[in-house]
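Trainee: Kindly generate the corresponding structure for this input.
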Amino acid sequence: IHVGPGYIGSVHDGSSWWDAFETVAEAVAAVTADRCEIWVAADATNRMPTSISLSKQFKTVFRGGFTGYENSVAERPGGLLTVVDNSGGAMNNLALSGSSAVAFERFQFDRAKQRAMTMSGSGDLDLVSCTFVSNGFSTADANIGVYAGKAVAFSGTGALLVTNCYFAYNYQTNDVSGTG
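Mentor: Below you'll find the predicted structure:
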């Protein structure tokens, strides 16, 4: 299932880059056991909903870092990420819940006031080659106030797997020890 802004097809059913969905929410609604990978173009910044609830009997995989011309995952250019930038100010970039296993690959989550991602429920969460930068704010920033932030908060009963991810400048404040 393809997601990309401004693609020029007339169907917009996610079946190709030509007919890509405009938003990830549309793609999530179209997920089936046979169509359970969502490919998100790198220029689809801020096309991610703030919450996703999945209760499927199969894993849903979100893959980022596409230019919008690939026919296979292997054709993606090295190092390209799809950015989920919360400069708009929501508390969390993405809240996941449900019993389904979920995987994110090659996404960059930036500037959530609190957490870039939260996961609750019984589903597993895999994070592969993702970047989490500047999520949560320090109390030193008087314009923003006090927020307890982090990159990822996992409170589910499933498993969390983090592979080849980068974390930088994600703050935990308001009387909780540590930053990171």
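
Trainee: which other helices and strands contact the one helix or strand I52 maps to?
Mentor: Using DSSP states H and E, I52 sits within strand 51-53. Counting contacts by 3 or more Cβ pairs under 8 Å, 6 or more residues apart in numbering; DSSP states H and E, strand 51-53 packs against helix 24-29, strand 94-97. Backbone N, C-alpha and C define where each C-beta goes, glycine included.

Trainee: what is the mean pLDDT for the very next helix or strand once past that strand?
Mentor: Remark: after strand 51-53, the chain's next helix or strand is strand 60-66, criterion DSSP H and E. The average pLDDT for strand 60-66 rounds to 95.

Trainee: Could you look up the next helix or strand downstream of strand 60-66?
Mentor: That would be, after strand 60-66 and using DSSP H and E, strand 82-85.

Trainee: Note down every partner strand of the helix or strand bottoming out on mean pLDDT in the chain and its orientation.
Mentor: Lowest on mean pLDDT, DSSP states H and E among the helices and strands of the chain sits strand 51-53, with a mean of 77. For strand 51-53, the paired strands and their directions (DSSP bridges) are strand 94-97 (parallel).

Trainee: Residues in contact with the strand it pairs with: which ones?
Mentor: Here strand 94-97 makes contact (Cβ atoms under 8 Å, 6 or more residues apart in numbering) with 48-54, 84, 102, 109, 116-121, 123, 125.

Trainee: Could you list the low-pLDDT ranges of this structure?
Mentor: 45-47, 87-93, 137-149, 172-180 (pLDDT under 70).

Trainee: and if we set it to 80?
Mentor: Applying pLDDT under 80 to the chain flags the ranges 5-9, 44-51, 53-55, 86-93, 111-115, 136-150, 156, 171-180.

Trainee: Please enumerate the strands of it.
Mentor: 2-3, 37-41, 51-53, 60-66, 82-85, 94-97, 102-105, 107-110, 115-119, 125-128, 131-133, 150-154, 160-163, 166-168 (DSSP state E).

Trainee: quick one: contacts of the least confident helix or strand of the chain?
Mentor: If you take Cβ under 8 Å, 6+ apart as the criterion, strand 51-53 is touched by V24, A25, V28, L94, A95, L96, S97, G98, V102.

Trainee: and those residues as a markdown table, adding distance to L160 and neighbour count?
Mentor: Conversion of the contacts of strand 51-53 to a markdown table gives the following (distance: Cβ to Cβ, whole Å; neighbours: other Cβ atoms under 10 Å):
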| residue | distance to L160 | neighbour count |
| --- | --- | --- |
| V24 | 21 | 22 |
| A25 | 24 | 15 |
| V28 | 21 | 19 |
| L94 | 15 | 24 |
| A95 | 15 | 18 |
| L96 | 11 | 22 |
| S97 | 14 | 19 |
| G98 | 15 | 19 |
| V102 | 11 | 23 |
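
Trainee: Alright, that wraps it up for me.
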